[in-house]
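In: sequence first, then the predicted structure, then my questions.
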Amino acid sequence: MAEPVNKTAHAFDKTRFEALLNRRFFYAPAFEIYGGVAGLYDYGPAGSSLQANIISEWRKHFIIEDYMLELDTTVMTPASVFETSGHVARFADWMVKDTKTGDVLRADHLVKGVLEARLAGDQEARGVAAQPKDDEKDKKKKKKAAKTVAAVLPDETVKEYESILAQLDNYSGPELGELCRKHNLRNPDTDNEVSEPQEFNLMFASSIGPTGQHPGYLRPETAQGHFLNFSRLLDYNNGRIPFASAQIGRSFRNEISPRAGLLRVREFTMAEIEHFVDPEDKNHEKFAEARNVELTLLDKYTQVSGSSKVTKMTVGEAVDNGIIANQTLGYFIARISQFLLKIGINPERLRFRQHMANEMAHYATDCWDAEIHNSTGWTECVGCADRAAYDLSVHSARTGHPLVVRQALKEPIITEREVAEFNKKLLGKTFKQDAGVLQKAVESMDEAELIRLKGELSQGKATIKASEDKSFEITPELLTIERKTFKQSIREYTPNVIEPSFGLGRILYTLLEHSFWAREQDEERGVLSLPPLVAPTKVLIVPLSAREEFDPLVKEVSSKLRRAGVFSRVDDSNTSIGKRYARNDELGTPYGVTIDFASVQNRTMTLRERDTMSQRIGTIDDVIATVTELVFGTVDWAEACRRLPAYDGVQAVD
């Protein structure tokens, strides 16, 4: 067995990391030769393949395992939909402007950046954390960051800054403005003062049709397409609740100041689930399977107290103790955790943070974010919200279309209640234009009031007070109140919605950061330790020579791997075998097979593992069988080493 690999020999170097991503074209600024547009990126072959593999695993993990109904709804959306949903009024961030240059900054990001820089300066001045030396390139890249000045802060100021950062997402716009004034927070690029925060709606406005009379928006999320198709989905599911719909597609947000690469962009791919559930029963039939999944939680009460201390507990304990609102919400949080860990996210850098009151979306009753730590701090990558019945209710009220479930009851519900009935002909003749007012007054009465009125009518006459200045005297001929029995065989209700929402670009970026490291012996040799599950290429085929006698074997190996469902790539470039492997280590390719002269003569082939660089040898068919199982996760590298002998670098060739 190969020696364990030391992946932490060198500190994470963002400059080298970004150079690797650029060199291997994982992604790049869109329209780059025209100068580019902030917040828009194109994915290259490696990035596109990595995203496709993440999506493929997402489909298996959620849609297939939980039998979800997949949708593909339109991006362009009539304005009325988002007016109804509340996005036109509320889908906004707070921005401030440089009072001299007019530069726009997102208010909460300004507060965070400046306070973190001051705390870093305090640490440096106290000698707690040595600051790394920057080379000239690093200095140029960091010019726009908040400047760190070594200066000791009073202990109470440090505590206050830490408290502000712990609950930053809970501040309103005016409160962010007050923080800027109180702590003299300025534009870090210019040191100028900033304006009072203003709301900025993040949706891209457009119009539908040639006349411009039908306003629309590019969707900021895929969710509304689920809600508007609820009746069809319910019918497709044979009228049964609970069920979930799922969708993967593009969304658009006109971010105020996108400066963090894929972490804050204006066009991105989302994967969203809408799980429709009975509001009176939010238990989940598969919760027992997830009960023992351990989570790292940061609840709202801890944050409001000014702390960021996390707690580790199982999802079962969190639900039982009321920390997570219900089983269905807890089930999806656990499944989100399992998915992220499966594709390669570092478990020590994953936490679930509960939304505080001020940051809660207008539709949500409880919400948790899966936050992944990276070089910029903690970033929300998945949101999991209990949207209650908000969306279906508002769309139903706006359109008149009942977005409800009609459920046949196993046992009919028998009830008795007082029922008021007017003699409508006599009512109109007696009260004319006031007839409607009188009817509404009676209809608004509860059971006790109807019983009282019934008793008064039995005495001959009764007085009904419709308002402060309007009363009506009625007789039994005009109104009768009788006790009737009702049999309810159908229960009608608006379902609640639990929504996990994934930002795939953010997940992809943080996965790349978590996977990056440099060889202990050579800091310039970067590696992406992407799991085979999501790696863009699973196996690299390296022919040692370009001679024609190698061609049939290369085609055979490539064909057998393809038939086994393993995505492979042939690298027959003229560079050395070491450089070819180094290049593919940067692309995250987990395995490589080398075809040499002994392969042609003896039908043997070597198998290389990316992280350890150790090599094994076997017959072509044995190596293909082993690497196929490695790719699909049915065996690990230790088992592969037991199956195949070590390669000593020499093969016998006649």
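Out: Cool, got the structure. Numbers count the residues shown, from 1 in each chain.

In: now do the SS call for Leu453.
Out: Classification of Leu453 using DSSP: H, G, I helix; E, B strand; the rest coil returns helix.

In: so what's it up against?
Out: Contacts for Leu453 (Cβ atoms under 8 Å, 6 or more residues apart in numbering) come out as Ala420, Val442, Met445, Ala462, Ile464, Ile481. In short, each C-beta sits where N, CA and C put it, glycine included.

In: out of the residues you listed, which comes closest to Lys312?
Out: Met445 (54.4 Å; Cβ to Cβ).

In: cross the contacts of Leu453 against strands and list the overlap.
Out: Residues of the contacts of Leu453 located in strands (DSSP state E): Ala420, Ala462, Ile464, Ile481.

In: so where's the stretch 201-350 of the chain uncertain?
Out: Residue ranges of the stretch 201-350 of the chain with pLDDT under 70: none are present.

In: look up how far Leu262 lies from Phe82.
Out: 25 Å (Cβ to Cβ, to the nearest Å).

In: reformat the ones in strands among the contacts of Leu453 as JSON lines; add distance to His226.
Out: Output for these, formatted as JSON lines (distance: Cβ to Cβ, whole Å):
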{"residue": "Ala420", "distance to His226": "41"}
{"residue": "Ala462", "distance to His226": "51"}
{"residue": "Ile464", "distance to His226": "46"}
{"residue": "Ile481", "distance to His226": "45"}
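
In: give me the buried entries from those residues.
Out: For the ones in strands among the contacts of Leu453, a burial check counting by 16 or more other Cβ atoms under 10 Å picks out Ala420, Ala462, Ile464, Ile481.

In: neighbours of Phe486, how many?
Out: When neighbours are counted by other Cβ atoms under 10 Å, Phe486 registers 11.

In: and the one 4 residues further on, by the same measure?
Out: Residues lying near Ile490 (other Cβ under 10 Å) number 11.

In: what separation do you get for it and Gly86?
Out: Per Cβ to Cβ, Ile490 is found 31 Å from Gly86.

In: repeat for Val265
Out: 23 Å.

In: can you give me the helices for the stretch 201-350 of the chain?
Out: In the stretch 201-350 of the chain, the helices defined using DSSP state H, counting those that start in this stretch lie at 223-228, 230-236, 287-290, 300-304, 315-320, 327-343.

In: need these in JSON lines with distance to Leu165 and mean neighbour count, can you?
Out: Formatted as JSON lines, these follow (distance: least, Cβ to Cβ, whole Å; neighbours: other Cβ atoms under 10 Å):
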{"stretch": "helix 223-228", "distance to Leu165": "30", "mean neighbour count": "23"}
{"stretch": "helix 230-236", "distance to Leu165": "40", "mean neighbour count": "15"}
{"stretch": "helix 287-290", "distance to Leu165": "32", "mean neighbour count": "15"}
{"stretch": "helix 300-304", "distance to Leu165": "10", "mean neighbour count": "17"}
{"stretch": "helix 315-320", "distance to Leu165": "24", "mean neighbour count": "21"}
{"stretch": "helix 327-343", "distance to Leu165": "24", "mean neighbour count": "23"}
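
In: in a markdown table: the ones you listed, plus distance to Lys60.
Out: Listed next are the helices of the stretch 201-350 of the chain as a markdown table, based on distance: least, Cβ to Cβ, whole Å:
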| stretch | distance to Lys60 |
| --- | --- |
| helix 223-228 | 20 |
| helix 230-236 | 21 |
| helix 287-290 | 16 |
| helix 300-304 | 33 |
| helix 315-320 | 21 |
| helix 327-343 | 10 |
